[in-house]
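**Student:** below are the sequence and a predicted model; questions follow.
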Amino acid sequence: MNCTLPVGNPLFSDDTRGYPEGMMDRISAERFAEQSGVADWHAEGDSARARFETGSFAKGVEFVVEIGKLADQANHHPDVGLRYPNVTVTLSTHDVSGLTQRDIDLAKQISVAARNLDISAE
Ligand SMILES: C[C@H](O)[C@H](O)[C@H]1CNC2=NC(N)=NC(=O)C2=N1
């Protein structure tokens, strides 16, 4: 039986077409940490994590709504933990099972959104 998967099948494809050159190249945790604007984040292995001290559940919800907007605009979606009194965010690029420029870009935007809501990182 000839089992051919459709091109771009997210389960088996490393289809990274459509992204600017280099955006889907895996980068090391060290390379991530060297970037400006990511001081809130702790990169290790194939992901980067930040914990934002929101101080209340309601502020956390407000922050998560902003994260959701940024994620959909970027078509790049973090794992988000919403708790009292903090929000944790973990970034990684599923398509390459590691960190890429997309994670750097979104990390910077999430940190700016936090500052705009007067939320600091741990
Ligand atoms: C098809 C769709 O564009 C891709 O699956 C996007 C969606 N959001 C994503 N989010 C993350 N974190 N990594 C990805 O590789 C990714 N890929």
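**Tutor:** Arrived safely, thanks for sending. On a predicted model such as this, the values are computed, not experimentally measured, just so you know.

**Student:** residues in contact with Val65?
**Tutor:** The contact partners of Val65, taken as Cβ atoms under 8 Å, 6 or more residues apart in numbering, number zero. Where C-beta positions appear, they are placed from N, C-alpha and C, glycine not excepted.

**Student:** host element of it?
**Tutor:** helix 57-74 (DSSP states H and E).

**Student:** surely Asp46 meets His94?
**Tutor:** No - contact between Asp46 and His94 fails when scored by Cβ atoms under 8 Å: they sit 10.1 Å apart.

**Student:** comparing these two, which residue is more hemmed in?
**Tutor:** Using other Cβ atoms under 10 Å as the criterion, Asp46 and His94 rank with Asp46 on top: 15 against 9.

**Student:** ok, and the closest non-adjacent residue to Lys108?
**Tutor:** If the residues on either side of it in the chain are set aside, Lys108 comes closest to Gly37, at 4.0 Å by Cβ to Cβ, 6 or more residues apart in numbering.

**Student:** next: Ala121.
**Tutor:** Nearest residue to Ala121 in three dimensions, chain neighbours excluded: Asp40, at 3.6 Å (Cβ to Cβ, 6+ apart).

**Student:** would you say that neighbour is within a strand?
**Tutor:** No - per DSSP: H, G, I helix; E, B strand; the rest coil, Asp40 lies outside any strand segment and is coil.

**Student:** what about the protein, any weak spots by pLDDT?
**Tutor:** The chain contains residues with pLDDT under 70 at 1-18.

**Student:** which residue would you name as the spatial centre of it?
**Tutor:** Closest to where the C-alpha atoms of the chain average out (Cα atoms, centre = their mean) is Leu91, at 3.2 Å.

**Student:** pretty sure that one contacts Ser47?
**Tutor:** Yes - using Cβ under 8 Å, Leu91 is in contact with Ser47, at 6.2 Å.
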